[in-house]
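Asker: What shape does this take:
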Amino acid sequence: MSSRLEAEHLYKVFGRRPVDTVRRLRDGADREELRADGTTAAVIDASFTVEPGQIFVVMGLSGSGKSTLLRMLNGLLEPTAGTVRFDGQDLTALPARNLRAVRARKISMVFQHFALFPHRSVLENAAYGLAVQGVPRKERERRAAEALALCGLEGWEKSWPDELSGGMQQRVGLARALATDADLLLMDESFSALDPLIRRDMQDQLLTLQRTLKKTIVFITHDLNEAMRLGDRIAVMRDGRIVQNGSAEDILLRPEGDYVASFIQDVDRSRVLTAGAVMETDLRGDEADCGCLTATPDTPFHELCALSTRLAHPVAVLEGDTVVGVVPRRRLVAVVGDEQGPSEPCLSPRVRTLTGSTPAGEKVIARA
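Answerer: Model (predicted):
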């Protein structure tokens, strides 16, 4: 089972007197003021928790500190201050030898530029982490082959990296990380070097694998759409600080400050939000008894909009047989900012259920 990752008050300062610089930052010193003194505060007071099996995305522009933060999580960079705990162990207090052992067995990293060995076959590249662990050859080749199959590369084991496309090379990098069966995956801009279509395919691959493997993943990106698509939780970084940490729905509906609001202004909200994110839970009696087409909390927003056009009243949201909320049209308008008035009456006095996988407009089965 994957384990919890906890970062508490992490700082990383490059330059002279870093410990003194941390004290100044805690006292309210400005990052730009410190830079004038030749000191760079790359990460400032970063705290967060990644629950087992969660994809935690750290998003920000270049220079925001996200990659530096990632490298402190596995000890590639030593924090100037703060602690990192994983699987109940304080990684920042471990001797170098013990930390290397943790990295070899419990933490894997997937890099942006594949980092494959050109003189090793695909199978040998995927098995490299196991070779570092000292796993016998037959066993590591078996596990590497299984990881390659999971990543859609069965039959390519004897190929060389330069015979693969960029997307396939990145799959080898992912297979190498999975082969070690590490609990924690750290992914640093892992898909950003890929073409858009291949990038989306890799996102699909990661989500498919995660449903089965349930790893704890920290994923770094500068692309908000990618963050929204992958992240169970998202931390937005600016100038070394985490300025907001929440679900995709939190960030879209409740941005904290102008900086986050500017990030989300061009996001297609209909592809991120669900009925559960926009429903109202303060129900009147007539809404709770509404006998009409309904949604579930997982119904995608665009399907919810399509359903709303068929009704003259709020859409009821059901969990099992219980109405847990309603979505009035004004809630949809508030999210998309474009009022288009549906007026079609309820299609049946009986309750029918539209699940999250039901295509918009598809006929649904009536329930008594």
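Asker: Please report the number of neighbouring residues for the nearest residue to L209 once chain neighbours are set aside.
Answerer: Excluding the flanking residues, the one nearest L209 by CB to CB, 6 or more residues apart in numbering is L150, at 6.2 Å. C-betas here are computed from N, CA, C, even on glycine. L150 has 19 neighbours, counted by other CB atoms under 10 Å.
Asker: looking at this protein, which helix or strand does the model trust least?
Answerer: Within the chain, judged by mean pLDDT, DSSP states H and E, the helix or strand with the poorest mean is strand 352-354; its value is a mean of 38.
Asker: where along the stretch 251-368 of the chain do the strands fall?
Answerer: Shown for the stretch 251-368 of the chain, the strands assigned by DSSP state E, counting those that start in this stretch span residues 293-295, 315-319, 322-327, 352-354.
Asker: tell me the most buried of those strands?
Answerer: strand 293-295 (a mean of 24; mean count of other CB atoms under 10 Å).
Asker: one step back: can you add distance to K215 and give the strands of the stretch 251-368 of the chain back as CSV?
Answerer: Putting the strands of the stretch 251-368 of the chain into CSV (distance: least, CB to CB, whole Å) gives the following:
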stretch, distance to K215
strand 293-295, 31
strand 315-319, 28
strand 322-327, 30
strand 352-354, 32
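Asker: Could you identify the longest helix within this protein?
Answerer: Assignment by DSSP state H gives helix 196-213 as the longest helix of the chain.
Asker: what packs against it?
Answerer: Packing partners of helix 196-213 (3 or more CB pairs under 8 Å, 6 or more residues apart in numbering; DSSP states H and E): helix 166-179, helix 224-230.
Asker: Just checking the distance from stretch 19-29 to the centre of its chain.
Answerer: With CA atoms, centre = their mean, to the nearest Å as the basis, stretch 19-29 stands 31 Å off its chain's centre.
Asker: CA atoms only: put that stretch into PDB for me.
Answerer: The C-alpha coordinates for stretch 19-29 follow below in PDB (Å, rounded to 0.1, in the frame of the first residue of the first chain):
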ATOM      1  CA  VAL A  19      20.100  29.700   7.500                       C
ATOM      2  CA  ASP A  20      20.200  33.400   8.300                       C
ATOM      3  CA  THR A  21      18.200  34.000   5.100                       C
ATOM      4  CA  VAL A  22      15.500  31.600   6.300                       C
ATOM      5  CA  ARG A  23      15.300  33.600   9.500                       C
ATOM      6  CA  ARG A  24      14.900  36.800   7.600                       C
ATOM      7  CA  LEU A  25      12.100  35.200   5.400                       C
ATOM      8  CA  ARG A  26      10.300  34.100   8.500                       C
ATOM      9  CA  ASP A  27      10.500  37.700   9.800                       C
ATOM     10  CA  GLY A  28       8.900  39.000   6.600                       C
ATOM     11  CA  ALA A  29      11.800  39.700   4.300                       C
END
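Asker: Please enumerate residues in contact with it?
Answerer: 11, 13, 15, 31, 34, 39, 41, 44-45, 80-81 (CB atoms under 8 Å, 6 or more residues apart in numbering).
Asker: What ranges in the stretch 151-300 of the chain fall below the confidence cut-off?
Answerer: For the stretch 151-300 of the chain, applying pLDDT under 70 flags the ranges 283-293.
Asker: Comparing the helices and strands packed on helix 196-213, which stretch has the densest surroundings?
Answerer: Mean neighbours per residue, mean count of other CB under 10 Å, is largest over those for helix 166-179, with a mean of 24.
Asker: Which elements pack onto the next helix or strand after that one?
Answerer: Note on helix 166-179: by DSSP states H and E, the next helix or strand toward the C-terminus is strand 184-188. Packing partners of strand 184-188 (3+ CB pairs under 8 Å, 6+ apart): helix 66-73, strand 107-110, strand 216-221.
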